[in-house]
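Trainee: no FASTA, just this:
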């Protein structure tokens with residue numbers, strides 16, 4: 001059995017359906033328990049039942065009283081109510097008290113392979129997470145954290161993250177995370193990652209980027225020596241990803257998107273009731289902007305232009 005946690009609001013319902021469709025298509029023989037936290041349980045439940053009523057996947061909707069914590073004043077670019085999702089994620093060990101581990105998946109991604117090996121991997125005694133490294137160098141000094149030693153120069157990306165819930169509870173992670181959020185609310189950019197990384201920078205297992213090929217691996221001009229991977233491992237992940245994470249500016253549903261793996265998103269979308277949806281933001285202005293954007297990417301040597309999925 002694979003236990004998965006996903007959190008989203010109605011704005012991301014279409015993308016959640018596509019993510020779940022991709023998950024189902026690549027786990028035909030696996031039992032999946034999907035735990036969901038959303039802002040409109042009735043509407044989301046009805047939609048998912050209509051889409052996946054005959055599939056081998058079970059939906060479990062989570063109730064969470066976010067009012068027990070203070071409302072964060074910072075206006076996240078994720079939306080003004082994102083703090084509710086943030087609080088749930090940072091209390092995951094208490095919210096899922098009967099589970100030993102859970103795989104957190106963002107909804108702006110597609111699963112294009114089987115995750116059973118990733119889910120079942122062993123974690124060392126000092127590892128609470130299994131995740132993929134970010135590309136950009138991290139800076140903990142804004143939180144007053146100055147590590148003497150770190151196993152990786154970069155953070156881990158929280159979009160695909162295996163969590164050991166036994167250790168989460170034993171280490172008192174929820175309380176530590178909440179204290180960090182409330183103390184540093186004005187400094188949080190990517191709030192979940194900006195909480196877990198400074199607190200647990202040496203407590204995560206470094207996994208292949210094929211399990212979370214987020215847009216920085218395709219777009220950002222990184223230095224291989226800064227990553228905990230070989231050049232060959234990164235290139236193999238780019239050519240054969242299992243999870244394609246449409247983070248940042250490379251989102252398939254935007255007209256200006258240049259991500260070559262967007263084809264995967266539209267392929268899974270065609271298998272849903274959203275099959276007639278088109279790209280957003282198409283206009284005369286964006287029509288002329290797109291070739292300019294591609295030319296700039298070509299000039300900068302962006303890796304994604306070499307990918308032919």
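Mentor: Yes, it's here. Please read all numbers here as calculations on a predicted model, not as lab measurements.

Trainee: assign a three-state SS to residue 158, would you?
Mentor: For residue 158, the assignment made with DSSP: H, G, I helix; E, B strand; the rest coil gives strand.

Trainee: quick one: it from residue 91, how far?
Mentor: Counting by CB to CB, to the nearest Å, the gap from residue 158 to residue 91 is 15 Å. Backbone N, C-alpha and C define where each C-beta goes, glycine included.

Trainee: who's more crowded, the two?
Mentor: Neighbours per residue (other CB atoms under 10 Å) separate residue 158 from residue 91, with residue 158 holding more: 23 against 20.

Trainee: need the contact list for the more buried one.
Mentor: The contact partners of residue 158, taken as CB atoms under 8 Å, 6 or more residues apart in numbering, are 104, 106, 131, 190, 192-193, 196.

Trainee: by neighbour count, which of those wins?
Mentor: Most neighbours among these, by other CB under 10 Å: residue 196, with 26 neighbours.

Trainee: skip the chain neighbours and tell me the closest residue to that residue.
Mentor: residue 158 (6.5 Å; CB to CB, 6 or more residues apart in numbering).

Trainee: quick check: closest non-adjacent residue to residue 249.
Mentor: Using CB to CB, 6+ apart, the closest residue to residue 249 is residue 215 (6.8 Å).

Trainee: and the pLDDT for the one you found?
Mentor: If you check residue 215, the pLDDT there is 80.

Trainee: now do the SS call for residue 58.
Mentor: Following three-state DSSP, residue 58 is assigned to strand.

Trainee: give the residue spans of this structure that score low on pLDDT.
Mentor: 73-81, 256, 287-288, 295-309 (pLDDT under 70).

Trainee: show me what contacts the spatially most central residue of it?
Mentor: Note on the chain: the residue nearest the mean C-alpha position is residue 159, at 1.7 Å, using CA atoms, centre = their mean. The contact partners of residue 159, taken as CB under 8 Å, 6+ apart, are 105-106, 108-109, 212, 214, 245, 247.

Trainee: also residue 134?
Mentor: 154-157, 193, 214, 216 are the contacts of residue 134 under CB under 8 Å, 6+ apart.

Trainee: kindly indicate which of these lies nearest residue 123.
Mentor: residue 156 (13.2 Å; CB to CB).

Trainee: isn't that closest one right next to residue 193, touching?
Mentor: Yes: Residue 156 is in contact with residue 193 according to CB atoms under 8 Å; the separation is 7.4 Å.

Trainee: just the strands from the stretch 201-309 of the chain, written as ranges.
Mentor: Here the stretch 201-309 of the chain has its strands, by DSSP state E, counting those that start in this stretch, at 204-206, 243-245.

Trainee: could you identify which of the ones you listed is most buried?
Mentor: Using mean count of other CB atoms under 10 Å, the stretch among the strands of the stretch 201-309 of the chain with the largest mean neighbour count is strand 243-245, at a mean of 26.

Trainee: how distant is it from the center of its chain?
Mentor: 8 Å (CA atoms, centre = their mean, to the nearest Å).

Trainee: next: stretch 93-108.
Mentor: Between the centre of stretch 93-108 and the centre of its chain there are 13 Å (CA atoms, centre = their mean).

Trainee: picking up where we left off before, now distance to residue 136 too, for the strands of the stretch 201-309 of the chain, in CSV please.
Mentor: Formatted as CSV, the strands of the stretch 201-309 of the chain follow (distance: least, CB to CB, whole Å):
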stretch, distance to residue 136
strand 204-206, 16
strand 243-245, 14
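
Trainee: who wins for proximity to residue 137 among those?
Mentor: From those, taking CB to CB, the stretch that ends up closest is strand 204-206, at 15.5 Å.

Trainee: tell me what that closest one is packed against?
Mentor: Applying 3 or more CB pairs under 8 Å, 6 or more residues apart in numbering; DSSP states H and E, we find strand 204-206 packed against strand 129-137.

Trainee: quick one: the strand it packs on to chain centroid distance?
Mentor: 11 Å.

Trainee: buried residues, stretch 30-42. List them.
Mentor: For stretch 30-42, the neighbour count (16 or more other CB atoms under 10 Å) marks 30, 32, 34-39 as buried.

Trainee: ends of that stretch, how far apart?
Mentor: 26 Å (CA to CA, to the nearest Å).

Trainee: again with stretch 184-201
Mentor: Terminal residues of stretch 184-201 are spaced 17 Å apart (CA to CA).

Trainee: buried residues in it, which are they?
Mentor: Buried-residue list, stretch 184-201, by 16+ other CB under 10 Å: 184, 188, 190-201.

Trainee: please apply the same query to stretch 146-161.
Mentor: For stretch 146-161, burial by neighbour count (16+ other CB under 10 Å) applies to 152, 154-161.

Trainee: now, which of the residues you listed sits nearest residue 141?
Mentor: Using CB to CB, the buried residues of stretch 146-161 come closest to residue 141 at residue 155, 13.5 Å.
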